[in-house]
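>>> Please work out how this folds:
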Amino acid sequence: MLILKVVGSLACILIAIMGIALSIPLIKGRIQMNPTYGIRIPKSFQSDENWHKINQYGARRLILWSTILLGLGVLLLFIPLNGVAAFVISVFLIIIFIAVIPIIEILRFAKKL
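Down below sits the predicted model:
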């Protein structure tokens, strides 16, 4: 069952690194409006200005939460949990820190524009 613990921890770490890496071009404003890469919500497609503001904000939030996920992924390796519990916690952390919280923050930010 140790393998599940390691897989879950590594999943947190790798997904966090990917989240950070994918956010950098968005923060720098290098990604123009497109249908495949970036924060693609209706408000972001209303103008180039909205696109860049929403994507820069969303990328900063994703980096924050990815950094936290990265730390938790490393921490999971050292917490005395059985493999199944560690794996379930890993999946929960990925969903919360990469999807739920950043999406809520981005949608709230977009409403203010």
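>>> got a list of what the residue nearest the centre of the chain touches?
Most central in the chain under CA atoms, centre = their mean is Ile98, positioned 3.1 Å from the mean C-alpha point. Listed by CB atoms under 8 Å, 6 or more residues apart in numbering, the contact partners of Ile98 are 15-16, 19, 62, 65-66, 69. Glycine gets a C-beta too; all of them are placed from N, C-alpha and C.
>>> tell me the SS of it?
Here Ile98 is recorded as helix under DSSP: H, G, I helix; E, B strand; the rest coil.
>>> gap between it and Leu107?
Distance, Ile98 to Leu107, using CB to CB, to the nearest Å: 15 Å.
>>> Was I right to think Ala110 contacts Ser44?
Yes. Using CB atoms under 8 Å, Ala110 is in contact with Ser44, at 7.0 Å.
>>> Overlap in contacts, the two.
50, 54.
>>> where's the residue lying farthest from the centre of the chain relative to Ile98, distance?
For the chain, the largest distance from the centre (CA atoms, centre = their mean) belongs to Met1, which lies 27.1 Å off. To Ile98, Met1 is 25 Å away according to CB to CB.
>>> for Asp48, same thing?
For Asp48, the distance to Ile98 - CB to CB - is 26 Å.
>>> Equivalent analysis for Arg40, please.
16 Å.
>>> cool, and Ser23?
From Ser23 to Ile98 the distance is 11 Å (CB to CB).
>>> Check Ser90 too.
Separation of Ser90 from Ile98 (CB to CB) stands at 12 Å.
>>> likewise Phe78?
Phe78 is 22 Å from Ile98, by CB to CB.
>>> The residue farthest from the centre of the chain contacts Gly83, correct?
Yes. Met1 lies in contact with Gly83 (CB under 8 Å); the separation is 3.1 Å.
>>> In three-state terms, label Gly38 for me.
Recorded secondary structure, Gly38: coil (three-state DSSP).
>>> The closest residue to it other than its chain neighbours sits in which helix or strand?
Among residues not flanking Gly38 along the chain, Asn55 sits closest, at 4.8 Å (CB to CB, 6 or more residues apart in numbering). Assessed by DSSP states H and E, Asn55 sits inside helix 48-78.
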